[in-house]
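Novice: Okay, here's the prediction I keep looking at, along with the sequence it came from:
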Amino acid sequence: MSIYEYNEEYVKKTLFEDGYENGYDTGKFETLVNNVESAMKNFNIDLEKACNGLGVSVTEYTNAKAKIQNK
């Protein structure tokens, strides 16, 4: 790409959308982890029961927790 083909608006829009998506995904993962951990604490139940009660698998929980720890 030459300097004459540079489209600043396109670059800004693309970077904004990428950042928004990353932030949205991180928020979803944090919410899932917080909900599972709150259920475990408040109802004094184990991880499997908390996940089942919230309609997620233990694998989804562990993947979400790993993703927010690696951000």
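Specialist: Here it is on my side, so go on. Numbering: from 1, shown residues only.
Novice: So which elements touch the longest helix that the chain contains?
Specialist: If you go by DSSP state H, the chain has its longest helix at helix 8-43. If you count contacts as 3 or more C-beta pairs under 8 Å, 6 or more residues apart in numbering; DSSP states H and E, helix 8-43 packs onto helix 47-54, helix 58-69. (Glycine included, C-beta is placed from N, CA and C.)
Novice: Of all those, which one is nearest residue 14?
Specialist: helix 58-69 (22.5 Å; C-beta to C-beta).
Novice: Buried residues in that closest one, which are they?
Specialist: 61, 64-65, 67-68 (16 or more other C-beta atoms under 10 Å).
Novice: List just the nearest of those to residue 31.
Specialist: Distances from residue 31 to the buried residues of helix 58-69, taken by C-beta to C-beta, are shortest for residue 64, at 8.8 Å.
Novice: quick one: the closest one from residue 40, how far?
Specialist: Counting by C-beta to C-beta, to the nearest Å, the gap from residue 64 to residue 40 is 14 Å.
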